[in-house]
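Peer 1: Return atomic coordinates for the entry below.
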Amino acid sequence: MGISLVVATLIRSKKPIVGHNFIYDLGFLYHQFIDLLPPTYPLFRAKVNEYFPVIYDTKVLARAHSSVYTQFSLEHVLNKSIELNKNQVKFVFPPEFRNLEDVKEGHDAGFDAFCTGKTFTIMAKLMERGIIRATETPKYRERKVESRVKVGEEDKEAAASK
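Peer 2: The predicted structure follows:
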C-alpha cells in the first residue's frame, strides 16, 4: 500500500518526474501500479505520458547535448555538469540531513536519487545560462515489446477486457 500511495500522488499531481536512464523504472512502475505494458514502445510512451505528462531523463538530456557530454552514466553526466557549473549552483542541507555528498558508491537508492536531482538541477541552470543548448531529443526506433512470460487464456481475456 505504501508505494502505491506515492505513485497515485505522483499521477494526481501531474508534477514533473526526473530520473536517469529510467525507461526500465517507468516500465516497472507502469506494470506494477498502473496496467499491463502496452505491446509497442510508442503506445507505452503515449500511455506513460497520460499519467506523467512531464518527464525528464538526465541521460536523454545528456545525449541531446553529445557535443558536451561524451559518456552517459550518471556518474559521468554529474561530474561533467559539476565541471561546467563552475560553482554557480550550490547545494546546502541542514545539519541533520544525511550527508549524501560523502557517499561514493552508486546503486544506493538515496544516493542515486540525490545525484540525479543534483545533475538535473545543474543541467537546467546550464541550459538557462546558454552553456548547453536545448536541442531536440534523440529519436528512438519503434520496437515491439515481447513478453518472456507465457500468458494464460484467462489473463489474455482479462487484459483484452480492459
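Peer 1: Helices of the protein, start to end?
Peer 2: Counting by DSSP state H, one finds helices in the chain at the ranges 2-13, 23-33, 41-51, 58-64, 74-85, 109-128, 153-160.
Peer 1: which one of those helices has the most crowded surroundings?
Peer 2: Per residue and on average, the most neighbours among those fall to helix 58-64, with a mean of 21 (mean count of other CB atoms under 10 Å). C-beta: built from backbone N, CA, C; applies to glycine.
Peer 1: could you give the mean pLDDT of it?
Peer 2: The average pLDDT within helix 58-64 is 92.
Peer 1: again with stretch 94-114
Peer 2: Averaged across stretch 94-114, the pLDDT comes to 71.
Peer 1: For the remainder of this discussion, apply numbering that starts at 32.
Peer 2: Renumbered: residue one is now 32, and that last one reads stretch 125-145.
Peer 1: How many residues are close by I65?
Peer 2: Residue neighbour count, defined by other CB atoms under 10 Å, stands at 16 for I65.
Peer 1: and the gap between it and F75?
Peer 2: Taking CB to CB, to the nearest Å as the measure, I65 and F75 are separated by 11 Å.
Peer 1: go on, H51?
Peer 2: Relative to F75, H51 is positioned 19 Å away (CB to CB).
Peer 1: Do you know the pLDDT at the most centrally placed residue in the chain?
Peer 2: For the chain, the residue lying nearest the average C-alpha position, counting by CA atoms, centre = their mean, turns out to be G50 (2.5 Å). What the model reports for G50 is a pLDDT of 95.
Peer 1: Equivalent analysis for the one 3 residues further on, please.
Peer 2: We have a pLDDT of 90 for F53.
Peer 1: That one - how many residues pack around it?
Peer 2: Considering only other CB under 10 Å, F53 is surrounded by 20 other residues.
Peer 1: repeat for D88
Peer 2: With neighbours defined by other CB under 10 Å, the count for D88 comes to 21.
Peer 1: Look at L60 and report its pLDDT.
Peer 2: In this prediction, L60 has a pLDDT value of 93.
Peer 1: quick one: it and R76, what's the gap?
Peer 2: In this structure, L60 and R76 are separated by 14 Å, where distance is defined by CB to CB.
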